[in-house]
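Enquirer: Sequence first, then the predicted structure, then my questions.
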Amino acid sequence: MAQRPGFPIKLDKTSPAKRSATLSAQSSASKPAAAPVTKPLPSAKPAATAPVSPQGLGMDSSAVRQRMVQKLAAQGLKDPMVLQAMGTVERHRFVESALVTQAYEDTSLPIGLGQTISKPNVVARMIELLREGADGKLGRVLEIGTGCGYQAAVLSHIATEVYSIERLKGLHEKARANLRHFRLANVHLLFGDGMLGYAKGAPYAAIISAAGGENVPQPWLDQLAVGGRLVAPTVTASGQQALMVVDKTPQGFKQSVLEAVHFVPLKSGIS
């Protein structure tokens, strides 16, 4: 059995046309190509038995995160697994030091290179949509747009395996640095063109995008497992972005357009 790629992994920089041809060849092959053999991340260390004293501005205190979770619940978020994950991941470790006091407010914050970390409410809402109807943890999840790594960390608590791809080298490196502290063995960071997805990890039980395009790219639909769900912001006929949910059924695709959102634009290529 082919081993899953380790953390991190770099995708090759072939053109979208060549990559598309490669994906087609892979999907028609009788056996998937073996993934590069790398060492997985070390397992998470056991938590210390002694209580940890709050540091700095007190952002390390679990009480701060629990207040955020209470606000999310008051806003209508209901999934216990999602709320627990949101209360576990230390969001302040993913924002700039000058903005750390705003880390647990329901607001998006700049993370550099013209990108942002999404509002906690939006992160929780999209992951809750991914899990709708699921019993227990999701299987393998593909995240388009790693950004600073926060959503990947939250996803690690609700999925057995997370593949997260980022097209901006600077953010890919930032996410690596941010996530190193957590030692998440089930998170795999990839540097490459997110519009192409990641065929070697397919099929995915769920796909989530942190950037919005005119349409859902065909590779994402191809790489979604039957019975799987995709959640992504998409530009509607009115020119505004809205959350789109796509379910892949044995009979085909079923899509629903939900509330308006505002995400950075989906782009191809790497930078």
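Expert: Here it is on my side, so go on.

Enquirer: Now residue 166. Nearest residue, chain neighbours left out?
Expert: residue 146 (3.7 Å; Cβ to Cβ, 6 or more residues apart in numbering). Where you see a C-beta, it was placed from the backbone N, CA and C, and this is true even at glycine.

Enquirer: Buried residues of stretch 219-226, list them for me.
Expert: Buried positions in stretch 219-226, judged by neighbour count with 16 or more other Cβ atoms under 10 Å: 219, 220, 221, 223, 224.

Enquirer: roughly how far is it from the heart of the chain?
Expert: Taking Cα atoms, centre = their mean, to the nearest Å, one finds the center of stretch 219-226 at 16 Å from the center of the full chain.

Enquirer: Extract the CA atoms of that stretch and return them as PDB.
Expert: Output for stretch 219-226, consisting of C-alpha atoms alone and laid out as PDB, is shown next (Å, rounded to 0.1, in the frame of the first residue of the first chain):
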ATOM      1  CA  PRO A 219     -10.500  18.700 -10.500                       C
ATOM      2  CA  TRP A 220     -12.200  19.300  -7.100                       C
ATOM      3  CA  LEU A 221     -15.400  17.600  -8.300                       C
ATOM      4  CA  ASP A 222     -13.400  14.700  -9.800                       C
ATOM      5  CA  GLN A 223     -11.400  14.200  -6.500                       C
ATOM      6  CA  LEU A 224     -14.500  14.300  -4.300                       C
ATOM      7  CA  ALA A 225     -15.600  10.800  -3.200                       C
ATOM      8  CA  VAL A 226     -19.100   9.600  -3.900                       C
END
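
Enquirer: shaky segments in the chain?
Expert: Scanning the chain with the threshold set as pLDDT under 70 gives 1-58.

Enquirer: show me where it has helices.
Expert: All helices of the chain, identified by DSSP state H, fall at 16-28, 62-74, 80-88, 120-131, 150-155, 169-180, 218-223.

Enquirer: and residue 99, how many neighbours?
Expert: As a burial measure, residue 99 scores 15 neighbours (other Cβ atoms under 10 Å).

Enquirer: picking that back up, out of the helices of the chain, which gets nearest to residue 235?
Expert: Comparing these against residue 235 with Cβ to Cβ, the closest turns out to be helix 218-223 (15.4 Å).

Enquirer: Tell me the gap between the closest one and the middle of its chain.
Expert: Between the mean C-alpha point of helix 218-223 and the mean C-alpha point of its chain there is a distance of 16 Å (Cα atoms, centre = their mean).

Enquirer: same for that helix, what does it pack against?
Expert: Using 3 or more Cβ pairs under 8 Å, 6 or more residues apart in numbering; DSSP states H and E as the contact criterion, the neighbours of helix 218-223 among helices and strands are helix 16-28, strand 138-144, strand 204-209, strand 224-235.

Enquirer: which of the helices of the chain sits most buried?
Expert: Mean neighbour count (mean count of other Cβ atoms under 10 Å) peaks for helix 150-155 among the helices of the chain, with a mean of 26.

Enquirer: CA atoms only: put that helix into CSV for me.
Expert: The C-alpha trace of helix 150-155 is given here as CSV (Å, rounded to 0.1, in the frame of the first residue of the first chain):
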residue,chain,number,x,y,z
TYR,A,150,-5.5,27.9,11.5
GLN,A,151,-8.3,26.1,9.7
ALA,A,152,-6.1,23.1,9.0
ALA,A,153,-5.5,22.9,12.7
VAL,A,154,-9.2,22.9,13.4
LEU,A,155,-9.9,20.4,10.7
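
Enquirer: other SSEs contacting that helix?
Expert: Counting by 3+ Cβ pairs under 8 Å, 6+ apart, the packing neighbours recorded for helix 150-155 are helix 80-88, helix 120-131, strand 138-144, strand 159-166, helix 169-180, strand 187-191.

Enquirer: rerun at 10 Å
Expert: Packed against helix 150-155, as judged by 3 or more Cβ pairs under 10 Å, 6 or more residues apart in numbering; DSSP states H and E, are the following elements: helix 80-88, helix 120-131, strand 138-144, strand 159-166, helix 169-180, strand 187-191, strand 204-209.
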